[in-house]
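Novice: coordinates only, sequence not included:
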């Protein structure tokens with residue numbers, strides 16, 4: 001993950017948000033770029049990155065975003081009676097659209113850091129002793145425990161194909177399989193352009209569909225009339241999302 005790419009995405013998302021830069025939580029949720037991608041490498045704080053991109057960070061909004069995420073996670077920990085693993089966070093999001101995406105939580109730190117923030121949040125509220133009892137032992141964790149073996153996720157793929165003058169953005173659980181199936185079905189040869197590995201193929205596919213919504217063909221929701229700049233944007237995603 002390069003510094004310039006992060007700055008470019010801060011600028012692009014700010015322009016799409018009426019010139020206002022996104023808070024760290026929302027930026028992580030929409031872009032999949034987490035704190036570990038930049039903290040201690042390019043900037044010490046998210047506000048520093050926003051300033052370098054040419055904007056003034058909204059510190060009040062940042063505080064609200066983190067507080068909101070911690071409130072939601074606290075309630076979920078109480079509901080489960082334990083600290084959730086990634087798969088449980090993803091299921092919760094699917095059943096409750098107001099719950100943050102699982103991609104947001106890494107932006108608040110590793111498991112021990114997040115547990116520590118939950119403890120501080122609960123103590124500041126003067127309640128949630130049951131949640132504090134669950135999280136306090138995790139604050140001292142240095143290595144994953146056996147429970148983290150459940151924190152496995154399915155790897156999928158979001159691909160870009162070209163057939164004729166148009167492009168298809170789709171998803172698959174096996175790289176190359178869906179593309180081969182389409183090559184048989186399509187009247188014109190389908191050429192592979194690029195593929196992105198991801199633990200959230202549904203979400204990443206939706207991201208690209210939304211980003212290129214203005215260029216979608218009316219007859220098919222997965223086909224787009226893209227230009228060279230769009231292709232370059234997709235191909236810049238060379239690593240895991």
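Specialist: Nice, I can see it. This is a predicted model, so every value here is computed, not measured.

Novice: So residue 159 belongs to a strand, correct?
Specialist: Yes - Residue 159: assigned to a strand according to DSSP: H, G, I helix; E, B strand; the rest coil.

Novice: Not counting its neighbours along the chain, what's nearest it?
Specialist: Nearest residue to residue 159, sequence neighbours excluded (C-beta to C-beta, 6 or more residues apart in numbering): residue 195, at 4.4 Å. C-beta here means a position set from N, CA and C on the backbone, and glycine is covered the same way.

Novice: burial count for the one you found?
Specialist: Other residues near residue 195 come to 19 when the count uses other C-beta atoms under 10 Å.

Novice: Next, it: phi, psi?
Specialist: phi -140, psi 140 (degrees, to the nearest 10).

Novice: Could you measure from the residue nearest in space to the middle of the chain over to residue 102?
Specialist: For the chain, the residue nearest the mean C-alpha position is residue 32 (3.1 Å; C-alpha atoms, centre = their mean). Distance check for residue 32 against residue 102: by C-beta to C-beta, to the nearest Å, it reads 10 Å.

Novice: Now do the shared contacts for these two.
Specialist: Residues touching both residue 32 and residue 102 (C-beta atoms under 8 Å, 6 or more residues apart in numbering): residue 200.

Novice: quick revisit: ok, now how distant is the residue nearest to the centre of the chain from residue 71?
Specialist: 23 Å.

Novice: doesn't residue 105 make contact with residue 89?
Specialist: Yes - with contacts counted by C-beta atoms under 8 Å, residue 89 reaches residue 105, the gap being 6.7 Å.

Novice: outside of stretch 103-113, which residues touch it?
Specialist: Under C-beta under 8 Å, 6+ apart, the answer for stretch 103-113 is 24-25, 28-29, 32, 34-36, 66, 69-70, 73, 83, 89, 114, 116-117, 138-142, 144, 148, 200, 203.

Novice: Which among these count as buried?
Specialist: Buried subset of those (neighbour count, 16 or more other C-beta atoms under 10 Å): 24-25, 28-29, 32, 34-35, 66, 69-70, 73, 83, 89, 114, 116-117, 138-139, 200, 203.

Novice: Show me these that map onto helices.
Specialist: Counted as lying in helices by DSSP state H, out of these, are 24-25, 28-29, 66, 69-70, 73, 89, 114, 116-117, 203.

Novice: I appreciate the help and will end here.
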